[in-house]
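Undergrad: No sequence on hand, only this structure:
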């Protein structure tokens, strides 16, 4: 699936081939709403709000096809453009590097990215390899405790950014 608008706005061709599988792998697929580790109603691949802005509610159910569409649309229309708006130097990153940061942004949220020291350091022109290696692992906590799934996800994102692959 191609995202011409996002590519025209600075994303490298093929970014979605890396971002979507990484997000799927760590979010997992659940077709009935549940509470995530910090108590937020979630469905599909980590969706907390539908396209119309309505929050997910416990008791909601969706199909696999709906989950795929929610993920693809949210990443292409919100998270990828938000990354490029918040971190303009990311326009020059490889598709794999952009995908790693899109996965991160999808997981922590646009506001957290905008307020992060990761963003400040990249905007200051620091070496992206060093910034990613040092900053992403700091985002492994939820509800005040370190979460093993977030530790693994951040390691995969760092690997994708630095080596072009994870796992």
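TA: Arrived safely, thanks for sending. Predicted, not measured: the structure shown is a model, and the values here were computed from it.

Undergrad: pretty sure residue 131 is touching residue 120, no?
TA: No: checked against C-beta atoms under 8 Å, the pair residue 131 and residue 120 is beyond contact range at 9.4 Å. Every residue, glycine included, has its C-beta placed from N, CA and C.

Undergrad: Comparing those two, which residue is more hemmed in?
TA: When neighbours are counted by other C-beta atoms under 10 Å, residue 131 comes out ahead of the other of residue 131 and residue 120, with 19 against 14.

Undergrad: dump the residue contacts of that one.
TA: Contacts for residue 131 were tallied using C-beta atoms under 8 Å, 6 or more residues apart in numbering; they are 118, 121, 122.

Undergrad: Show me the helices in this protein, by range?
TA: Along the chain, the stretches classed as helices by DSSP state H are 4-8, 15-27, 64-74, 80-86, 95-108, 110-115, 117-123, 128-135, 148-163.

Undergrad: Report back the residue of this structure that's furthest from centre.
TA: When each C-alpha in the chain is compared with the mean C-alpha position (C-alpha atoms, centre = their mean), residue 59 comes out farthest, at 25.1 Å.

Undergrad: measure that residue to residue 165 for me?
TA: Distance, residue 59 to residue 165, by C-beta to C-beta, to the nearest Å: 39 Å.

Undergrad: Disregarding residues adjacent in the polypeptide, which is nearest to residue 140?
TA: Nearest residue to residue 140 in three dimensions, chain neighbours excluded: residue 150, at 4.2 Å (C-beta to C-beta, 6 or more residues apart in numbering).

Undergrad: My error: substitute residue 153 in the last question.
TA: The shortest distance from residue 153 to any non-neighbouring residue, by C-beta to C-beta, 6+ apart, is to residue 26 (4.4 Å).

Undergrad: Give me the buried stretch members for the strand ranked longest in the chain, please.
TA: Longest among the strand segments of the chain by residue count, using DSSP state E, is strand 30-35. By neighbour count with 16 or more other C-beta atoms under 10 Å, strand 30-35 contains the buried residues 30, 33.
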